[in-house]
Structures are given as C-alpha cells and as structure tokens.
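> Sharing a model prediction with you, sequence too.
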Amino acid sequence: MDYAAFASYVLLMVFAPGANTITAMSCASRGGFMGAMPFCAGLFLGTFVIECAAALFCSFLYGFIPQIQPAMTVLCAAYILWTRGGSGAFFGGIAMQFLNAGVILCAVTSFSVFILPHHDDARVIALFAFAIAAAGFVSACCWAAFGAALEKF
C-alpha cells in the first residue's frame, strides 16, 4: 500500500473547504470554538460510521462480485482526479455525514482504492476508518478555530 498517496488523499479531502469545514467554521463564528465542539464530535462519529459502512460495502462487493474491483478502482480514481483535492449540535454533525456526498465518496474511494486491496483484517480496517474520521475531526477543529478567530475581527 502506498501510505504517502493514501495520507495525501485523506488530508486533501478532509482539509479542503466543504460542507463539514464551512459548517464548523460557521458554528465557531456564532458560538466560539467550544460552541463548535459538539458539531465536530458529531462529525467524527458520523464519519467513522460512514467509513465502517463503506468498508463493509466494498468488502461485500469484492466478495460477491470479485470482477468489480477494477471498475471501482477506475471510478474512484476518476473521482480523485475530479475533486478539488447546518447545525452546531452533536446530532447535526452526525446527520450531516449521511447527507454529505463528499464524505461517502471519500470513504468508498479510500477503502476500494487504498485499503481493501492490501488489508483484510477487520481490526486494521477499523483503525483506518478511525484514522480518517480523526483527520476529519482535526480538520473541522482547525476550521472552527479559524471561524472563532474571524469572529473576533
């Protein structure tokens, strides 16, 4: 597995401006950095659930239709090339992940291109899901800090 490519992809996906980052920034500009933390925590949990669901979905497809892996790799690679690199409540952060096409596509892409072709241990897969969700949480916190700082000006 090319860990540098994987890390680059995840960092670009989670730190790029999008629904999660802009909402975190907006929450912080209205309620301060700590006011955005429930949303950021909800974002983490929602993303983790989406990542785990994507891992199961991709594993099921690979097991059920092994020939689909090349097609998924091409589709997900096309998505990587195409991409540019709410509420402040905890449950709002969770719910937003299930409506955020970028999070879902990032999850499917991460697992079908980078992780599942090289790893099949459920603990390792869960660790990757946790790491991606944690990267999203850190990104949201950074954007929230930016929003809180902007509010002071």
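Structure's in. What do you need? Since this is a predicted model, take the numbers as computed values, not measurements. Residues are numbered from 1 along each chain as shown.
> okay, CA-based contacts and neighbour counts for the rest of this
Noted.
> Give me the below-cutoff pLDDT ranges for this structure.
The chain contains residues with pLDDT under 70 at 69, 72, 76-88.
> what ranges do the helices span in it?
Applying DSSP state H to the chain gives helices spanning 3-15, 19-64, 68-82, 90-99, 101-109, 122-152.
> Distance to Ile115 for those - can I get that in CSV?
Below are the helices of the chain laid out as CSV (distance: least, CA to CA, whole Å):
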stretch, distance to Ile115
helix 3-15, 9
helix 19-64, 9
helix 68-82, 11
helix 90-99, 21
helix 101-109, 9
helix 122-152, 7
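> Now render those as a markdown table, adding mean neighbour count.
Shown next, in a markdown table, are the helices of the chain (neighbours: other CA atoms under 10 Å):
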| stretch | mean neighbour count |
| --- | --- |
| helix 3-15 | 16 |
| helix 19-64 | 22 |
| helix 68-82 | 14 |
| helix 90-99 | 19 |
| helix 101-109 | 20 |
| helix 122-152 | 19 |
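> Pick out the residue nearest the middle of the chain.
Geometric centre of the chain, nearest residue: Val103, 4.6 Å, by CA atoms, centre = their mean.
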